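[1] Quick one: sequence and predicted model below, then my questions.
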Amino acid sequence: MAHSILEDNVASPETPGSKFYPPFVPTAALEVEADKRLAQFPEDQKRSAVLPILHFIQHHHGFISAEAIEWTAARLEIQPVKVLEVVTFYPGFRQSAPGKVHFRVCRTLSCAMGGSHELMEKLCELTGIDRSHADSHHHPVTVSPCGKWSVEFAECLASCGTAPVCLVNDDFHEAVTADKAQGLLDQYADGHSSH
Amino acid sequence: MITYKAGKQPDSREYRLIFKNVDREGWDPSIDCYLRDGGYEDLKKAMGMEPKAITEEVKKSGLRGRGGAGFPTGLKWTFIPPNNTKPVYLICNCDESEPGTFKDRYIVHQDPHQLVEGMVISCFAVGAKVAYIYIREEFPEAAIILENAIAEARAKNFVGKNVLGSGFDVEIYVHRGAAAYICGEETGLIESLEGKRAYPRIKPPYFPAALGLYMCPTIVNNVESLCHVKHIVRMGGDEYSKLGVKNNTGTRILCVSGDVKKPGYFEVEVGKVTMRELLYDMCGGPKDGREFKAVIPGGSSAKILRCDESFTLKGKGPEGTDLKLSFWDIPMDFDSLAACGSMAGSGGVIVMDNTRKMSWVLNNLNTFYAHESCGQCTPCREGSMWMKKISDRIVAGEASPKDVATLESVAYQIDGRTICAFGEASSWPVEAIIAKFREELLADTKETNEEVPHNPEAEAQRRYLQHA
């Protein structure tokens, strides 16, 4: 059977984190969000709403699936490839599920000088994550075997004065040296911040 | 009487104009707090002026863009074609992603109404009825804070239809990005706002003021720049231009990070603080037992400076003689830093001490640019990854001396040959670090590495040639 490149691009491989996210299905809330965002642009520029709609979908479902791409394309009245090219371009969109709790550790200069790479190593050690197959372009996210945690390096998060910094889901944490890693994991033991 | 939170008092050398309310005791981002402090009075003043008069004040003020390029803001506003009939847009560039920069973050999280007020004034001045705040994806909390602030402003008739009964309508929307540095480039941002990949456009002809969002006239300004507009309306352009130094007016926010005792943000009059004052007096000097080695003065794209360097500024001395300036005496303004071969850029001052290997520093930055290249232009797409691979080898001890020369030549083949300034941004760190630290980089190389294959293909080729 000939191998389809499109399948590769749109396929969303299962990860240990998949069980924590509901599969994509259009909801009333999604329709409301789509209407709200489309109203922010001229009638003939529906394509502009692609980023906000994809953010809403990823927030609820963890990643952008083929079904989500098709729904979004239909809603915006554009071809699916025009949604796919956005999903594959922006590092902020994922095509497979992260862990229940997702860490984004800054890797850029000031945070690296402040110990962010040591923080990443410690997080991987404590969660059993093996990052040896990660690469920034194609496979930036690595999920723990239990699916509860995932990590990726992010580029400069614009808080260099309080390096090293990281995002945990949508929560921002500053001055997170490696010795603080366990405390951070404890804070998110239930899947969201206990603070 | 303004007081600041414990441990967050501004340094005595600061002039808190834009950052007046950052870390302020008793301050919160609500409109009630902002109004109690006299907020939106400047908008009322602006609505009583002619739009062209506001632009004149901004021109007189000498305000230069605070996003990194330092282009005169008032001048940019005049680039809208005179007989334009298309809708005009204003975009606030809140994509703050230049490594070393951390100032817009605090404005949008702690003082959102200053930005909203600055934006409404600017929209009125340039004739924009719709404005977008393009905010980087990694500021999720600020996106909500800004949307709340806009809703509060709308409820008080500062945003929306018929602002303050003037007949002027303006809508402001918050639009989150998706973690791509190239969306900080104004035309990349515009492409992203149009729902596409952020491939920048070539200028000319695609200057946003002429052909911007949906090919309509669009003014793109940095968060901080738009806040300065509010203050310029309040004090008048002439008064504002007395702050700072000639051609480098106003205040700017310096962001110091890296190997200093007290990293952080400092708002100062442009050019009134030197490197010495900034790094020693305001940031507490180097960490114990270490010495300052190098500084990147304006975000990672700015050319690095050695702390032991001196510069000769032609004709800038008394009676047109040459001025000799040591690194420590450089005033932190646009023109001085440019004259020293670097730039004021975004104000991101990254400090490295003598424990840092420059090959490691360079590799960290090369990895950043290789990741963030949009891929549109061949020199940058191929070159940025090539440069990263070479500096990977230098750091791993697998490079030959020729690799340093190759690295340098690749940088010069990107510089000036791309659609947007990312080409320069990715090549300048390589050019400058090699120029200033060539011996240190070469010391990590071995001539015998020249014969070592660098990847499986080269290894296979070597074996093939050996047996041919």
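    Looks like it came in fine.

[2] a strand runs through residue B:299, doesn't it?
    No. Counting by DSSP: H, G, I helix; E, B strand; the rest coil, residue B:299 falls outside a strand, being coil.

[3] Surely it and residue B:98 touch.
    Yes. In this structure, residue B:299 is within contact of residue B:98 by CB atoms under 8 Å, at 3.7 Å. Yep, even glycine has a C-beta here, placed from its N, CA and C like the rest.

[4] Show me the common contact partners of those two, please.
    B:68, B:345, B:346, B:348 (CB atoms under 8 Å, 6 or more residues apart in numbering or on different chains).

[5] Tell me the most packed of these, by neighbour count.
    Counting neighbours by other CB atoms under 10 Å in any protein chain shown, residue B:346 comes out on top of those with 33 neighbours.

[6] Chain A versus that one, what's the distance?
    According to CB to the nearest CB, to the nearest Å, residue B:346 and chain A sit 10 Å apart.

[7] Could you list which residues are in contact with residue B:440?
    So residue B:440 contacts B:357, B:358, B:359 (CB under 8 Å, 6+ apart).

[8] touching chain A at all, stretch B:386-398?
    No. Stretch B:386-398 stays clear of chain A (CB under 8 Å from any CB of the partner chain), getting no nearer than 10.0 Å.

[9] Run through who's touching that stretch.
    B:357, B:359-360, B:362-363, B:366-367, B:369-370, B:399, B:403-404, B:406-407, B:410-411, B:426-427, B:430, B:441, B:444-446, B:449, B:452, B:454.

[10] Now do the helices in chain A.
    For chain A, the helices defined by DSSP state H occupy A:5-10, A:28-38, A:50-61, A:66-76, A:80-89, A:109-114, A:116-127, A:181-187.

[11] Report the separation between the closest residue to residue B:199 other than its chain neighbours and chain A.
    The shortest distance from residue B:199 to any non-neighbouring residue, by CB to CB, 6 or more residues apart in numbering or on different chains, is to residue B:376 (4.6 Å). For residue B:376, the distance to chain A equals 11 Å [CB to the nearest CB].

[12] likewise residue B:343?
    For residue B:343, the distance to chain A (CB to the nearest CB) stands at 17 Å.

[13] Just give the number of residues close to that residue.
    So residue B:343, with other CB under 10 Å, has 19 neighbours.

[14] how about residue B:244, phi and psi?
    Backbone geometry at residue B:244, expressed as degrees, to the nearest 10, gives phi 80, psi -150.

[15] what's the pLDDT at the closest residue to it other than its chain neighbours?
    Nearest residue to residue B:244 in three dimensions, chain neighbours excluded: residue B:270, at 3.6 Å (CB to CB, 6+ apart). With respect to pLDDT, residue B:270 scores 97.

[16] Pull the contacting residues for residue B:270.
    Applying CB under 8 Å, 6+ apart, the residues contacting residue B:270 are B:243, B:244, B:245, B:248, B:249, B:250, B:251, B:252, B:332, B:333, B:334.

[17] 10 Å - rerun?
    Residues near residue B:270 by CB atoms under 10 Å, 6 or more residues apart in numbering or on different chains: B:15, B:62, B:64, B:70, B:243-245, B:247-252, B:254, B:331-336, B:344, B:347.

[18] ok, now residue B:109?
    Going by CB under 10 Å, 6+ apart, residue B:109 touches A:172, B:22, B:29, B:139, B:141, B:142, B:145, B:146.

[19] what about chain B, any weak spots by pLDDT?
    When residues are selected by pLDDT under 70, those of chain B lie in B:468.

[20] residues in the stretch 251-400 of chain B within reach of chain A, list them.
    B:255-260, B:262-266, B:283, B:296, B:299-300, B:348-353, B:355-356, B:360-365, B:367-372, B:374-375, B:385 (CB under 10 Å from any CB of the partner chain).

[21] and chain B, what are its domains?
    Chain B breaks down into these domains under automatic domain parsing: B:31-242, B:253-353, B:358-451.

[22] Pull the distance from the longest one to the chain's centre.
    The gap between where domain B:31-242 is centred and where its chain is centred comes out at 15 Å by CA atoms, centre = their mean, to the nearest Å.

[23] And chain A, split by domain according to the record?
    A:22-89, A:101-187.

[24] now check the helix or strand where residue B:457 lies, is it near chain A?
    Using DSSP states H and E, residue B:457 sits in helix B:456-467. No. Judged by CB under 10 Å from any CB, helix B:456-467 stays clear of chain A, getting no closer than 15.9 Å.

[25] Remind me what that helix packs against, helices and strands.
    If you count contacts as 3 or more CB pairs under 10 Å, 6 or more residues apart in numbering or on different chains; DSSP states H and E, helix B:456-467 packs onto no helix or strand.

[26] What residues of that helix count as buried?
    Under the neighbour-count criterion of 16 or more other CB atoms under 10 Å in any protein chain shown, helix B:456-467 has nothing buried.

[27] Would you check how far apart the most centrally placed residue in chain B and residue B:411 are?
    With distances taken as CA atoms, centre = their mean, residue B:346 lies nearest the centre of chain B, 2.9 Å away. Residue B:346 sits 21 Å away from residue B:411, going by CB to CB, to the nearest Å.

[28] now, which of the contacts of residue B:270 lie within strands?
    B:244, B:245, B:248, B:249, B:251, B:252, B:254 (DSSP state E).

[29] so which of the helices of chain A gets nearest residue B:102?
    Closest approach to residue B:102 among the helices of chain A (CB to CB): helix A:109-114, 9.0 Å.

[30] Spell out whether that closest one and chain B are in contact.
    Yes. Looking at helix A:109-114 against chain B by CB under 10 Å from any CB, the contacts come from A:109, A:110, A:111, A:112, A:113, A:114.

[31] got a winner among those residues for most neighbours?
    Compared across the residues of helix A:109-114 next to chain B, residue A:110 has the highest neighbour count, 33 neighbours, by other CB under 10 Å.

[32] confidence score at it?
    So residue A:110 comes in at 98 (pLDDT).

[33] That one: what's it in contact with?
    Residue A:110 touches A:116, A:156, A:159-165, B:99-102, B:255-259, B:263, B:296, B:300, B:348, B:350-352, B:364, counting by CB under 10 Å, 6+ apart.

[34] cutoff 7 Å now
    A:160, A:163, B:99, B:100, B:257, B:258, B:350 (CB atoms under 7 Å, 6 or more residues apart in numbering or on different chains).

[35] I'd like those laid out as TSV, including distance to residue B:131, neighbour count and secondary structure.
    As requested, the contacts of residue A:110 are exported to TSV (distance: CB to CB, whole Å; neighbours: other CB atoms under 10 Å in any protein chain shown; DSSP: H, G, I helix; E, B strand; the rest coil):
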residue	distance to residue B:131	neighbour count	secondary structure
A:160	28	30	helix
A:163	33	26	coil
B:99	28	30	coil
B:100	28	29	coil
B:257	31	28	strand
B:258	35	28	strand
B:350	32	30	strand
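
[36] quick one: which of the residues you listed is nearest to residue A:189?
    Nearest member of the contacts of residue A:110 to residue A:189, counting by CB to CB, is residue A:163, at 25.6 Å.

[37] If anything else comes up later, I'll come back, but that's it for now.
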